[in-house]
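[1] Build me a model:
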Amino acid sequence: MVSRRWLVPMFVMLGCGASHVVESRPPRRPDLIRLPRQATLGCSTPVAAPDRELAVELVADQLHTCARTASGAVVCWGRDDGGRLELCPGLEQVGHAATPVRLPFDGATQVAVSEAGTCAIVGGTVQCTSGVHRMLVGDQGPARIGNGELVALAGARRIALGRHHICAIVTDDVVCLSRSRSREVSGARTGLVRDVLGPSPHLARDSEEADYEAGFIPIVRPQLLSAGLAFSCATDRVGAVWCWGRSPFGALGNGPSQTDTRHPTRVGTLTGVVALVSTPDGWDTCARTGEVAYCWGAHFGDQPRQLDLDNVRQLAIGSGYVCALDAARQVSCVGDTANYFKDGVPTFSGPIAQLVSNGSGLCARLTDGAVECFGFAGYLGDGRPLPGGANPGSVVLIQVHTPVRTLGRGAVPGARSRPVPTTVTLGVRASERLRHATAPSPQTRVPRDDARSYRIASTPAPRTTRARSDPPRP
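    Have a look, this model is predicted:
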């Protein structure tokens with residue numbers, strides 16, 4: 001690894017009319033980084049007893065959800081196209097896990113997911129599925145991943161995974177990796193990732209044939225980290241938010257200019273941020289200061305906007321909606337909830353400890369470690385198969401409005417009550433159609449004359465639900 005032989009000159013960066021001091025680091029020399037070959041990553045196997053698995057962390061992306069258990073195991077379910085879940089041969093169902101599978105990561109302390117794949121911090125190293133390696137080095141990735149470790153991120157204490165890049169906090173550095181320009185096909189992705197690597201990206205190699213680019217982002221003592229489709233954000237030592245990369249739809253929160261930049265740009269005047277979350281395959285970011293939520297990006301505008309949510313403790317961003325968990329463990333949602341919450345936000349069976357969006361609904365980690373989800377049938381981990389369409393290989397997207405138990409007591413794989421079809425999309429790449437169908441447009445932004453409003457649906461759905469203490473459903 002590169003020795004820490006850098007001085008700390010200081011300069012002032014300006015963003016949204018505010019100044020802040022950040023550290024400047026000189027460019028680092030390219031490294032030759034070889035992945036270990038003595039072990040292989042392995043593949044994911046079915047969880048034998050999901051009713052005995054208890055979650056301590058929950059993460060999700062479009063149709064792909066993972067939980068970290070108390071033992072450090074990583075358990076996932078949902079879509080597996082492109083190496084998201086690393087399913088063993090014979091387990092694939094059109095790239096799909098209908099029930100939870102255990103990924104080959106042991107002793108994980110953090111998990112991150114995106115459409116690219118799944119990564120975990122394991123013993124100070126970052127290990128990822130083949131989809132992430134394919135994202136970094138192209139077709140050479142699956143053949144050369146060794147034990148799945150990204151050596152360039154050794155020592156990471158926090159990671160964030162986007163669609164086209166991965167970032168980590170390594171000691172007091174923010175380090176980002178993405179595909180080398182030499183691996184691009186006619187510059188197909190160069191335009192997306194050229195800025196997310198920071199001011200001075202350099203080449204890193206895991207072999208003579210497979211290389212990717214690494215960049216160091218100048219943030220003072222970074223604390224929190226998030227990643228979007230082709231941008232990232234981080235907080236510094238005082239809780240100010242800085243974003244860099246591409247800025248369509250105001251993804252960087254840097255005002256009307258919406259300028260792409262390799263240099264971290266200050267997001268408004270936010271300070272004291274204690275939670276930061278971006279959509280891994282989108283252009284939205286939300287932050288929490290105390291019990292107040294602010295969001296910016298495709299569905300919110302080019303500057304941070306305060307949401308009409310009270311006593312916020314946690315945030316989950318969906319496709320055009322935001323849900324929050326408050327101090328009383330109640331769930332409130334604002335935005336385009338009508339498309340996903342037919343009769344308002346469904347009620348989970350117990351007190352909620354954590355809330356995430358799975359792209360078509362919500363998943364909740366309850367205080368007893370159980371996990372419940374609602375959303376598209378076949379992607380909830382309850383054993384329900386993918387509903388087949390009229391054409392061979394096609395999939396019907398059916399919305400399940402009642403949360404089902406995925407992990408914890410009562411999580412027995414098998415058929416549940418028959419869902420009522422509400423949304424139908426045909427085609428093998430159903431998730432791709434879903435992603436494009438919900439792609440943001442300038443018309444979905446928050447009205448500029450109302451800083452506290454967030455109106456997307458023409459008829460807002462009820463936005464509050466109370467958690468109950470009912471026993472788990474059988």
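
[2] Name the residue closest to the centre of this structure, please.
    Pro280 (4.0 Å; Cα atoms, centre = their mean).

[3] close enough to count as contact, it and Asp61?
    Yes - here Pro280 reaches Asp61: they are 5.0 Å apart, a contact under Cβ atoms under 8 Å. In short, each C-beta sits where N, CA and C put it, glycine included.

[4] so what sits against both of those two?
    113-115 (Cβ atoms under 8 Å, 6 or more residues apart in numbering).

[5] Now tabulate these in TSV and tack on neighbour count, pLDDT and secondary structure.
    Below are these laid out as TSV (neighbours: other Cβ atoms under 10 Å; pLDDT from 0 to 100; DSSP: H, G, I helix; E, B strand; the rest coil):
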residue	neighbour count	pLDDT	secondary structure
Val113	27	97	strand
Ser114	28	95	strand
Glu115	25	92	coil
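
[6] so can I have CSV of these showing distance to Phe231?
    CSV is the format used below for those (distance: Cβ to Cβ, whole Å):
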residue, distance to Phe231
Val113, 17
Ser114, 13
Glu115, 15
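
[7] out of these, who's nearest Gly350?
    Gly350 lies nearest to Val113 out of the shared contacts of Pro280 and Asp61, by Cβ to Cβ, at 24.3 Å.

[8] quick check, nearest of the shared contacts of Pro280 and Asp61 to Tyr294?
    Ser114 (22.7 Å).

[9] show me the contacts for the residue nearest to that closest one when sequence neighbours are not counted.
    Nearest residue to Ser114, sequence neighbours excluded (Cβ to Cβ, 6 or more residues apart in numbering): Pro280, at 3.5 Å. Contact analysis of Pro280 by Cβ under 8 Å, 6+ apart lists 61, 113-115, 161-163, 227-229.

[10] Select only the buried ones of those in ChimeraX?
    Selecting only the buried entries of the contacts of Pro280 in ChimeraX, with 16 or more other Cβ atoms under 10 Å as the criterion:
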select :61,113,114,115,161,162,163,227,228,229
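
[11] so of the contacts of Pro280, which ones are in strands?
    61, 113-114, 161, 227 (DSSP state E).

[12] got a list of what Pro403 touches?
    346-349, 362, 364, 372-374.

[13] ok so, going back, export the contacts of Pro280 to a markdown table and tack on distance to Gly42?
    As requested, the contacts of Pro280 are exported to a markdown table (distance: Cβ to Cβ, whole Å):
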| residue | distance to Gly42 |
| --- | --- |
| Asp61 | 22 |
| Val113 | 18 |
| Ser114 | 21 |
| Glu115 | 22 |
| Leu161 | 20 |
| Gly162 | 25 |
| Arg163 | 25 |
| Ala227 | 26 |
| Gly228 | 30 |
| Leu229 | 29 |
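
[14] mind exporting whichever strand or helix holds Ile169 as PDB, just the C-alpha atoms?
    Using DSSP states H and E, Ile169 falls within strand 165-170. C-alpha atoms of strand 165-170 as PDB (Å, rounded to 0.1, in the frame of the first residue of the first chain):
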ATOM      1  CA  HIS A 165     -18.200   3.000  -8.100                       C
ATOM      2  CA  ILE A 166     -17.400   2.100  -4.500                       C
ATOM      3  CA  CYS A 167     -16.000   4.500  -1.900                       C
ATOM      4  CA  ALA A 168     -14.500   3.800   1.600                       C
ATOM      5  CA  ILE A 169     -13.200   5.700   4.600                       C
ATOM      6  CA  VAL A 170      -9.700   4.300   5.100                       C
END
